[in-house]
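S.K.: could you look at this predicted model? Sequence included:
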Amino acid sequence: MQLRFIEDRKTLFWAFVLFPGVPALAYARPSLIGWLVPFSLYLAYCAGVLTHNHNHCPVFASKRANVAYGAWLSIFYGCPTFTWIPTHNQNHHRYLNGEGDATRTSKLSPRNSLAVALIYPLASSRWQLPGIRRYAASAFHAHPPRFRRILAESVALVFGHAALLGLAIALHGASRGVLVYAVSVGLPALSATYWMMLTNYVQHVDCDPSSADNHSRNFVSPFFNWFVFDNGLHTVHHEHPGVHWSRYRALHEARAARIEPGLNPRSIFGYVARQYLLRPYGLGGGGAGGAPLGGTAAGASAAGGGAAVAGPSAADSGGIPWTAAPVVSATGAATDDTQSKYLSRAWLSGGPCMNMNEQPLIHGKPTRAQGARTMSRYRGAPRTAIASPRRRTERFADADRSPRATLLENARNAARPLWTASRWGRLARKRQKSGDPEAEETRGFEPSGVTGKERC
C-alpha cells in the first residue's frame, strides 16, 4: 500500500495506532476510562478530520486500499465516510455557505449565538439526509463500484461496533462491559459528526460567502493546527479542495494579507470563548469577527493597517494565490507577472499527481533542484492545457522539444479520435453532461481555473 504523500505517515499513526490504542487501554484497564475520556473525544474529532481529508485527497495510490481505509475510519467516525461526498464535496464546496448550500449557517437563524451554534449540528444532520439518500440510490442503480464502497463502509461500521461491544461484555460482564464500550468507543464515535458540523458552523458563520477571500474563518495557531492536520486553515481549503493538507500552511501565508484580520483568530477555543461566553456580556472585544462581513479584500487590508498586496486576482492566477515577490531571471532582470505567477503556483501547490518535470510525484513536493531545472527549461514559454482520458495535467509548450516528445505528442493526437468514439469516451461525455464528474466526488467542487497541477 503506497502512500501518495510522505506526510501521511502521521495520518496512519493516528489511524492505526492512536485510534485503536486508546480503546484497547480502556478495555485492558477499565479503571482508567475516566482519564481517557478527553483523549477519546479528541481522537473521535480527528477521525472526522481524517475522513474529511481522505474524501478530498485519498491517502493511498491503490483504490482498494483507499476503500479499506475508508471502512476502517467509518468505525471510529461513527458514520460511513461516503456521506461526505454528496453533502460536503458536491454541495458545500459548490455553494460555499450561500443559497443552495444544504448546510449554510443562516438556514437555522441569522443570529450567531451559543444556542444557535449548539443546535445547528443537529439540524444540519437532518438537512443532509435527502442528499445522502439520493446518492446511495444512484450508486445502487447506476454505479456498482460506488455502491460497493457504501456497502463496505456500512458493514464495517455495524459489525465493527457489534464486535467491540461483544468483546467488552465478554471481558467485563454485561453492565460494566456496556459502560466500557460506551465511554471508550461508542459515545465518542457518536459525537464525531456533531463536532465536525459545529466546526463547520464557526468556520463560516458571519463570513461573506460572496467574497473571494473572506468566505471562511481560519484558526491560524501552528500549535493548534498540528493536532488537527492544518484543518484550521479553511479559506485555502475551499479555494483548493484537492490540495493535500500539508500544503495549507504555505497557501494560507501567501493569501493571509488579503483576508480580513478578524477572520484569522489564533484558535477555535479563543473564538468560542469571546463570541459565545464573553461578547454577550460586553467583554468580548472586537477582534474575533463577530459582525457579518461584506467588505472586499482591499478594505480588509486597509482595516488591518497594511496595504493590499498588488497583483493579479485569484481568477487571473488560476485560483492560486499570487505572491508579490519578484522573480529574477538568469540575466539578473526581474521576470514578468506571468513567470512570477507560475513560480507561485509551482512552489505553493506542486501537484501530487505530476511534478514540474512531468514525472509521477508520490511523496510530496519536488525538490528545489528539480524546480530550478524545470524553470530554466520553461522560462518564458507559453502555457497550454491538454486533457487526457484519465487525467488533466498542465504542460508547457517548448520550442526546443525533443524528437521523442514530438513523436509521443503526435501519437496522442492521432489516438484521440479513437478514444472519443470508444465506449469509454462516450461514457465520459455522458458523465460530463450529467453534471456528476468524478472530480467532484473525490475532491470536491473546484472553482474554474484550478488545473491538474493543483489537484490531488
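M.R.: Received it, and whenever you're ready, just let me know what you need.
S.K.: low pLDDT regions in the stretch 151-300 of the chain?
M.R.: The stretch 151-300 of the chain contains residues with pLDDT under 70 at 284-300.
S.K.: what's the neighbour count on Tyr248?
M.R.: Look at Tyr248: counted by other CB atoms under 10 Å, it has 22 neighbours. The way it works is simple: take the backbone N, C-alpha and C, and place the C-beta from them, glycine included.
S.K.: surely it is within a strand?
M.R.: No. With DSSP: H, G, I helix; E, B strand; the rest coil as the criterion, Tyr248 is helix rather than part of a strand.
S.K.: please enumerate the helices of the stretch 101-250 of the chain.
M.R.: Assigned by DSSP state H, counting those that start in this stretch, the stretch 101-250 of the chain shows helices spanning 114-142, 144-172, 174-181, 187-204, 222-227, 234-239, 248-255.
S.K.: Phe224: what's it in contact with?
M.R.: 232, 266-269 (CB atoms under 8 Å, 6 or more residues apart in numbering).
S.K.: mind running it again at 6 Å?
M.R.: When contacts are counted by CB atoms under 6 Å, 6 or more residues apart in numbering, Phe224 touches 232, 267.
S.K.: also Leu164?
M.R.: Contacts of Leu164 by CB under 6 Å, 6+ apart are 181, 185.
S.K.: need the helices of the stretch 101-250 of the chain in a markdown table with distance to Gly21, can you?
M.R.: Output for the helices of the stretch 101-250 of the chain, formatted as a markdown table (distance: least, CB to CB, whole Å):
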| stretch | distance to Gly21 |
| --- | --- |
| helix 114-142 | 27 |
| helix 144-172 | 14 |
| helix 174-181 | 15 |
| helix 187-204 | 13 |
| helix 222-227 | 16 |
| helix 234-239 | 28 |
| helix 248-255 | 27 |
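S.K.: among these, show me which one is buried the most.
M.R.: Ranked by mean neighbour count, these are led by helix 234-239 with a mean of 24 (mean count of other CB atoms under 10 Å).
S.K.: how about residues contacting that one?
M.R.: By CB under 6 Å, 6+ apart, the residues outside helix 234-239 that reach it are 203, 216, 218, 248, 251-252, 319.
S.K.: tell me where the protein has strands.
M.R.: 383-387, 392-396 (DSSP state E).
S.K.: would you confirm that Val228 contacts Ala47?
M.R.: No. Between Val228 and Ala47 there is no contact, the gap being 11.6 Å when judged by CB atoms under 6 Å.
S.K.: pick out whichever of the two has more residues nearby.
M.R.: Each of Val228 and Ala47 has its neighbours counted (other CB under 10 Å); Ala47 has more, 29 against 19.
S.K.: OK, contacts around the more buried one?
M.R.: Under the criterion of CB under 6 Å, 6+ apart, the neighbours of Ala47 are 76-77, 192.
S.K.: how near is it to Tyr248?
M.R.: 19 Å (CB to CB, to the nearest Å).
S.K.: could you do Tyr181 as well?
M.R.: Distance from Tyr181 to Tyr248, counting by CB to CB: 35 Å.
S.K.: and for Leu50?
M.R.: For Leu50, the distance to Tyr248 equals 15 Å [CB to CB].
S.K.: repeat for Ala26
M.R.: 33 Å.
S.K.: just Leu73 next, same as before
M.R.: Per CB to CB, Leu73 is found 20 Å from Tyr248.
S.K.: contacts for stretch 124-140, please.
M.R.: So stretch 124-140 is contacted by 83, 86-87, 102-103, 146-147, 150, 197 (CB under 6 Å, 6+ apart).
S.K.: identify the farthest-apart pair in the residues you listed.
M.R.: Maximum pairwise distance in the contacts of stretch 124-140, criterion CB to CB, is 25.6 Å, between Phe147 and Met197.
S.K.: list the contacts for Phe229?
M.R.: Contact partners of Phe229, counting by CB under 6 Å, 6+ apart, are 49, 245.
S.K.: for Phe159, same thing?
M.R.: By CB under 6 Å, 6+ apart, Phe159 has no neighbours at all.
S.K.: before we move on, the earlier item: need the contacts of stretch 124-140 in JSON lines (columns: distance to Ser124).
M.R.: Converted to JSON lines, the contacts of stretch 124-140 look like this (distance: CB to CB, whole Å):
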{"residue": "Thr83", "distance to Ser124": "12"}
{"residue": "Pro86", "distance to Ser124": "14"}
{"residue": "Thr87", "distance to Ser124": "9"}
{"residue": "Ala102", "distance to Ser124": "8"}
{"residue": "Thr103", "distance to Ser124": "5"}
{"residue": "Arg146", "distance to Ser124": "24"}
{"residue": "Phe147", "distance to Ser124": "25"}
{"residue": "Ile150", "distance to Ser124": "21"}
{"residue": "Met197", "distance to Ser124": "5"}
